[in-house]
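Engineer: here's a sequence, model it:
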Amino acid sequence: MHILIAAVLGANLAPSDALNTKGMDVSNGSISLGYVPMDGKAPFGTVVQQWSWGTSYVGAGVTFVRDSGLFYLCNQSTNYVYSFNPTSGAFTQLFATGCSALAWGLHFDDGDGTFWITDIDGSSTAILRQYDGNGVATGKTFNLFTETGHSGWWCSGDYDPSTGETWIPNVGGTNQIDKFDLTQAAGSTYLGQVTNPNNYSLRGFGFLHHLPNDGTANSMIVDNWYDPIFGEATLAGVWIQSINPGQSYAGSDVWEPLGLTVADSIYDFVISNASPDVMYKVALGYSWGDLDTYIQEKDERALYDVNVATLSRGGITLSYSVPKPVDMKVAVFDGAGRVVDKTESNVSGTGHMNLSTGHGVYFVTVSAGVYEEVFKVVVD
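Structural biologist: Now for the predicted structure:
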């Protein structure tokens with residue numbers, strides 16, 4: 001969709017008015033542009049390399065283990081765990097899970113060097129099983145229905161070494177993200193929920209840690225199978241940036257190998273659940289060294305609040321709240337890419353402005369400091 005918008009609008013605009021559509025999906029009313037990629041980096045969500053697994057509709061949980069440098073993933077048909085080498089592209093069958101239902105979710109606990117797999121059918125079985133680093137079941141299990149008090153499917157989670165918490169998205173039940181302390185005894189692991197930024201059916205989940213510095217979780221990278229989406233969100237569940245990849249993703253984790261340098265680009269590895277299943281290497285748009293700037297801008301951007309609405313007499317009103325005085329540029333484009341109204345002014349605090357339009361579909365671009373947003377508005 002964003003390619004069409006870029007082609008239509010870009011052809012009719014002067015350079016100063018051109019609509020930045022990187023990472024944009026205009027299927028929703030409001031589209032977050034996220035952050036412009038750092039110099040020389042592929043834009044967020046760009047597939048830079050891919051490998052066919054040679055299987056179909058079996059891809060499930062994905063997790064990365066720094067010590068081995070390998071990704072591990074579940075085959076929900078055979079209930080085996082496989083490794084994937086991101087350097088050679090080789091898939092290798094490793095161990096049988098012994099799950100009675102589906103080996104569906106998988107994450108590695110960096111705290112004690114164990115794997116956790118969800119053995120699940122969504123109705124009668126939802127067991128989280130622990131395995132040692134060699135794939136041998138330890139006998140430690142948790143009934144997720146009992147631990148959380150709600151139903152659903154629990155997919156791939158991730159462990160945050162800075163807090164000792166494990167976060168696992170719930171699918172089809174609450175559709176939120178459940179938090180656990182898996183060092184606790186049965187019945188006392190559950191720590192509550194975090195907002196799912198998509199509010200529906202996440203399948204892949206991984207923390208983006210602040211590496212190679214202090215290792216704290218910076219944000220979460222998520223994907224969705226039923227409603228294709230790939231995005232980055234804050235730890236409070238607010239979208240930072242997202243795209244529609246045009247296909248279903250079934251599991252993912254951030255590639256955080258040993259020996260990172262600040263110049264290295266950041267990538268997520270994502271498995272499809274399709275025919276055939278494919279492992280994708282996906283760019284996140286910046287390097288490890290960019291994270292300090294990125295975090296600062298993200299924190300500042302969260303302080304901006306901009307909304308648009310239609311006026312009863314026609315036209316559009318834009319309300320804003322900004323953290324400091326800033327030059328705000330606003331432009332309104334019609335479906336043919338023509339500028340129908342625009343304004344630029346220095347704003348502070350809270351306020352609003354009215355924009356003139358006729359009837360139809362319009363796109364409103366807003367740029368103020370680190371904040372950039374595109375809104376799709378239908379004026380009756």
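Engineer: drop to CA atoms for contacts and neighbour counts, all remaining ones
Structural biologist: Fine.
Engineer: report the beta-bridge partners for residue 353.
Structural biologist: Using DSSP bridges, the bridge partners assigned to residue 353 are residue 318.
Engineer: what about the spatially most distant residue from the centre of the chain, distance to residue 60?
Structural biologist: Note on the chain: the largest separation between a C-alpha and the mean C-alpha position, by Cα atoms, centre = their mean, falls on residue 313 (38.7 Å). According to Cα to Cα, to the nearest Å, residue 313 and residue 60 sit 51 Å apart.
Engineer: again with residue 78
Structural biologist: Residue 78 sits 11 Å away from residue 60, going by Cα to Cα.
Engineer: of those two, who's got more company?
Structural biologist: Just comparing residue 78 and residue 60: by other Cα atoms under 10 Å the higher neighbour count belongs to residue 60, 28 against 14.
Engineer: ok, now which ones touch that one?
Structural biologist: Taking Cα atoms under 8 Å, 6 or more residues apart in numbering as the contact definition, residue 60 lies against 73-76, 103-105, 155-156, 250-251, 271, 273.
Engineer: of all these, which comes closest to residue 357?
Structural biologist: Of all those, the one sitting nearest residue 357 is residue 250; the distance, using Cα to Cα, is 42.2 Å.
Engineer: next, the buried residues of stretch 48-60.
Structural biologist: Residues 50, 51, 52, 53, 56, 58, 59, 60 are the ones in stretch 48-60 that count as buried (16 or more other Cα atoms under 10 Å).
Engineer: got the CA positions of the biggest helix by length in the chain in CSV?
Structural biologist: The helix that spans the most residues within the chain, counting by DSSP state H, is helix 291-301. Taking Å, rounded to 0.1, in the frame of the first residue of the first chain, the C-alpha atoms of helix 291-301 are listed here in CSV:
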residue,chain,number,x,y,z
LEU,A,291,20.8,2.8,20.2
ASP,A,292,21.8,5.6,22.5
THR,A,293,20.5,8.2,20.0
TYR,A,294,17.6,6.0,19.2
ILE,A,295,16.5,5.6,22.8
GLN,A,296,16.8,9.3,23.5
GLU,A,297,14.7,10.2,20.5
LYS,A,298,12.2,7.4,21.3
ASP,A,299,11.8,8.7,24.8
GLU,A,300,11.3,12.3,23.6
ARG,A,301,8.9,11.2,20.9
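Engineer: wait, residue 232 touches residue 224, no?
Structural biologist: No. Residue 232 lies out of contact with residue 224 (Cα atoms under 8 Å); the separation is 11.9 Å.
Engineer: so what's the residue nearest to residue 74 when sequence neighbours are not counted bridging to?
Structural biologist: Take residue 74 and drop its neighbours on the chain: the residue closest to it by Cα to Cα, 6 or more residues apart in numbering is residue 81, 4.7 Å away. Residue 81 forms beta bridges with residue 74, residue 95, as assigned by DSSP bridges.
Engineer: measure residue 81 to residue 226 for me?
Structural biologist: Note on residue 81: its distance to residue 226, by Cα to Cα, is 23 Å.
Engineer: more crowded one of these two?
Structural biologist: Legend: neighbour count by other Cα under 10 Å for residue 81 and residue 226, higher for residue 81 (23 against 14).
Engineer: that one contacts residue 71, correct?
Structural biologist: No. At 10.4 Å, residue 81 and residue 71 do not qualify as touching, with contact defined as Cα under 8 Å.
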